[in-house]
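*Asks:* Please find the sequence and the predicted model below.
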Amino acid sequence: MSTENNGQPFFDDPHAALREIAQNPDAYAHYLADFHRVVLDMQAKLEILQREARVHCRGVRVDGDKWGQAFLRSFPVENSLNGVLKDLKSATSGLEKSAHKRHAHDEKVKEVKKSRKEKVQIKARKNNPTLQAAPETPGRQGTQSPNPGYGGPTSIYNLDRRESA
């Protein structure tokens, strides 16, 4: 780790690069995409190895074997590779999910900032409402109109101005 004789490490903080990648969602997705490619490549090669090992192990017969004994002997080898391939598939799906969730996290942070700013503005409006003058009716200040649209006898034939129930 050290390149000089004085004992100082080559990097002051070996995790600084990863810290910067974790802070940037695009860099995070790119970094995980590199891992994803490597894991998919490993998975493809192990699938080929699994097929070849299955063919070889099932084909190895020993004198005196009964039907299916070679098949049963090959199970432990096949199961070990099946387990590894299952883990690699879950790792690839986990890498994809992680990249999406990291991007969703930044979007959520932006939404929270925006909603909090809106809440502060709404609260400020509630605490300091703007006063608006009531509209005045010209000519009749202080008196009520004789027929404001309600009250008074009406006939069912005279409902053109009102909505029916």
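*Replies:* Arrived safely, thanks for sending.
*Asks:* in a strand, that's where Gly64 is, yeah?
*Replies:* No. According to DSSP: H, G, I helix; E, B strand; the rest coil, Gly64 belongs to no strand; its state is coil.
*Asks:* which residues of the chain fall in strands?
*Replies:* Using DSSP state E, the chain contains no strands.
*Asks:* burial measure for Leu95, as a count.
*Replies:* 21 (other C-beta atoms under 10 Å). In this view, the C-beta of every residue, glycine as well, is placed from N, C-alpha and C.
*Asks:* cool, and His36?
*Replies:* His36: 19 surrounding residues under other C-beta under 10 Å.
*Asks:* How about Ala22?
*Replies:* If you count neighbours by other C-beta under 10 Å, Ala22 ends up with 13.
*Asks:* and it, what is it in contact with?
*Replies:* Residues near Ala22 by C-beta atoms under 8 Å, 6 or more residues apart in numbering: Tyr28.
*Asks:* Look up how far Glu96 lies from it.
*Replies:* With distances taken as C-beta to C-beta, to the nearest Å, Ala22 is found 17 Å from Glu96.
*Asks:* same check, this time on Pro14
*Replies:* Per C-beta to C-beta, Pro14 is found 27 Å from Glu96.
*Asks:* With Asp34 instead?
*Replies:* Asp34 is 13 Å from Glu96, by C-beta to C-beta.
*Asks:* Fine by me, we can end here.
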